[in-house]
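Student: coords please:
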Amino acid sequence: MLDNIYENFSDKGLKQALAVYGGLLISAVTIPIVILAVEYFLNDKISFNKIMIIFLVILFWSLFNIDYLKKRLKTNEKSE
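Tutor: As a prediction, this is how the structure comes out:
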């Protein structure tokens with residue numbers, strides 16, 4: 001599935017996509033922590049809302065893409 005998405009990308013494009021997904025991964029981890037901390041200080045409890053599912057989906061999608069892009073860049077470097 002990811003092969004179809006990235007088949008026309010150059011090495012530079014793959015590295016840029018890797019950087020974007022790295023930033024998205026950091027955001028998908030830090031934003032829910034901040035939301036949960038603020039919720040804890042305001043309500044004295046933590047509840048995992050439906051919005052946290054969105055962050056989990058973004059987290060896993062970013063992880064899969066980062067793993068794929070790293071493997072693809074390694075194979076491109078070996079073939080050159």
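
Student: quick check: next helix or strand after the top helix by length along the chain?
Tutor: Using DSSP state H, we find that the single longest helix of the chain is helix 11-43. Next in sequence after helix 11-43, counting helices and strands by DSSP states H and E, comes helix 51-79.

Student: that older thread, what angle sits between the longest helix of the chain and helix 51-79?
Tutor: Computed by axes from the mean of the first three to the mean of the last three C-alpha atoms, to 10 degrees, the angle separating helix 11-43 from helix 51-79 equals 160 degrees.

Student: show me what helix 11-43 is packed against.
Tutor: helix 51-79 (3 or more C-beta pairs under 8 Å, 6 or more residues apart in numbering; DSSP states H and E). Bear in mind the C-beta positions are built from the backbone N, C-alpha and C, glycine included.

Student: can you name the residues that contact the residue nearest the centre of the chain?
Tutor: With distances taken as C-alpha atoms, centre = their mean, Ser62 lies nearest the centre of the chain, 2.4 Å away. Residues in contact with Ser62 (C-beta atoms under 8 Å, 6 or more residues apart in numbering) are 21-22, 24-25, 28.

Student: pick out the most distant pair among those.
Tutor: The distance between the two most remote of the contacts of Ser62 (C-beta to C-beta) is 10.8 Å, for Gly22 and Ala28.

Student: higher neighbour count, the two?
Tutor: Between Gly22 and Ala28, counted using other C-beta atoms under 10 Å, the more crowded position is Ala28 (20 against 14).
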